[in-house]
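Peer 1: Dropping the sequence and predicted coords here.
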Amino acid sequence: MDFRFEVLKTDPTGARLGRLTTPHGVIDTPAFMPVGTAGTVKGLTQQALGELGVQMLLANTYHLYLRPGHERIRRLGGLHRFMAWPGAILTDSGGFQVFSLADLRKVTDDGVIFRSHLDGSEHSLTPEKSIEIQQALGSDIAMVLDECIEYPADRERAAAAVKRTAEWARRCRDYARENADASTTPGQVLFAIVQGGTHADLRRESARQLVDLDFPGYAVGGLAVGEPHALTCEMTSAATAELPADRPRYLMGVGLPEQLGDYVARGIDMMDCVLPTRNARNGCLFTSAGRINIKNATYAEDSRPLDERCSCMVCRTYSRAYLRHLFMANEILASILNSHHNVAFFLDIMSKIRQAIAFGELAEFSSELQARIETGQP
RNA sequence: GGACGGGUGGGUGAGUGGCUAAAACCAGCAGACUGUAAAUCUGCCGCUCCUUGCGGGCUACGGAGGUUCGAAUCCUCCCCCGUCCA
């Protein structure tokens, strides 16, 4: 299967209903992708992911390079086979670790020097190296190495990251072209990443520079790193306005359930976030009536399902009281069930968003969801 | 009956004259989490009062008394618990 993206419908808000075809299956867009950094979506088996309807998940170049090593994964047949996941995989390039591991790295024009958080050893991650790793992993969609900066960042710093990110994108593209045969997934494609901090003109400039380099898809990165939601939306709009309508747009690392529709309405087709899985492990559960901290004493004898509007396996089967008990007792099943529900909840929202676009009712759907969460009325 | 050792806040357990409402950990209560260094992190955790302040008062280290300007810490007696000896 060759990579392909079709926009089936565009609604008045700018939201797109689409279909992304990859070597490992078709993805209905807008899509939410759970994050499986180390080759596992923490707390969920691949079988469960499949049953939940996940069509594409994320994995991480830097983390898999450090452990177990990309060459080992190559020898074992690539990441799909290694982790026994038949669906699509998108690999982040390590660009986010430029941001999240800021204390352990040094950025130069050539690339990034990381000191491993595992054993302190030094590793050089250049644009070429990032692609080499992602080719060994054999993701369906690889990402260019980018420089993800913090918020707030002044104009000068953001502009420098834009410039560097464009240069790295070119190097990634060229390396990927020249070494396409090295990928364990024939047909692997490469997406570029728009940077620019919270400066709208830099966002537009970054997008234009990357469009000139002609990628099959574009991401918007460096957002949801602490800035207000309205700014995230504004920057997203600035970027998507410059991106070609016939290519998929991926907003990296977002977001809260009630925010997903806002991004879709700005022309975003793909999103990923650790929130459903990380928060699940920390006892924070997303419901149609807002967040629940399942460890709160108030749920100790609450026999109701977590979310009466949710039809996931957890909500059909278990009570809040039981989920609280599992969490308080530090039971492994707490992470498993909580992750299952949160991921199901995010996927359900995306499914309803797609449906709403089809019916031309995205705005209504978003405001109803927002209202339920604000009032706490399911 | 004797010899040692020990009794500290919900639990374990530091502390051997003032810096101690008393370490640390656990439990408990609440909060955070947005391309995962996260099953993590942060705050609170004797009672009470108010002009919520690195504020005031009260109670507290088995019990009672004592020494001292000052005691969880020293002394006396008593009550418990553990180990060993008879």
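Peer 2: Okay, I see it. Numbers count the residues shown, from 1 in each chain, chains lettered A, B, ... in the order given.

Peer 1: Following element in sequence after the helix or strand where A:Cys172 lies, please.
Peer 2: According to DSSP states H and E, A:Cys172 maps onto helix A:155-178. Using DSSP H and E, the helix or strand that follows helix A:155-178 towards the C-terminus is strand A:189-194.

Peer 1: which parts of the next helix or strand after that following strand are buried?
Peer 2: Per DSSP H and E, the first helix or strand lying C-terminal to strand A:189-194 is helix A:200-212. Neighbour counts using 16 or more other C-beta atoms under 10 Å place A:Ala200, A:Leu202, A:Arg203, A:Arg204, A:Glu205, A:Ser206, A:Ala207, A:Gln209, A:Leu210, A:Val211 of helix A:200-212 among the buried residues. C-beta coordinates here come from the backbone N, C-alpha and C atoms, glycine included.

Peer 1: Let me see the mean pLDDT of the helix holding A:Cys172.
Peer 2: Helix A:155-178 carries an average pLDDT of 98.

Peer 1: elements contacting it?
Peer 2: Here helix A:155-178 touches helix A:127-137, strand A:189-194, helix A:200-212, going by 3 or more C-beta pairs under 8 Å, 6 or more residues apart in numbering; DSSP states H and E.

Peer 1: switch the cut-off to 6 Å
Peer 2: Helix A:155-178 sits against helix A:127-137, helix A:200-212, with contacts defined as 3 or more C-beta pairs under 6 Å, 6 or more residues apart in numbering; DSSP states H and E.

Peer 1: Quick one, which of those gets closest to RNA strand B.
Peer 2: Shortest distance between RNA strand B and those, using C-beta to the nearest atom of the strand, is found for helix A:127-137: 9.8 Å.

Peer 1: how close does the residue in the stretch 1-150 of chain A that RNA strand B sits nearest to get to A:Val225?
Peer 2: Closest approach between the stretch 1-150 of chain A and RNA strand B, counting by C-beta to the nearest atom of the strand: A:Cys148, at 2.4 Å. To A:Val225, A:Cys148 is 8 Å away according to C-beta to C-beta, to the nearest Å.

Peer 1: okay, those two: which has more neighbours?
Peer 2: A count of neighbours by other C-beta atoms under 10 Å puts A:Cys148 above the other of A:Cys148 and A:Val225, at 25 against 19.

Peer 1: who's in contact with the helix holding A:Cys172?
Peer 2: Outside helix A:155-178, the residues within contact range by C-beta atoms under 6 Å, 6 or more residues apart in numbering are A:127-128, A:131, A:144-147, A:149, A:190, A:192, A:195-197, A:199, A:202, A:206, A:209-210, A:213.

Peer 1: pretty sure A:Leu57 contacts A:Ala38?
Peer 2: No: if you go by C-beta atoms under 6 Å, A:Leu57 and A:Ala38 don't touch, sitting 11.8 Å apart.
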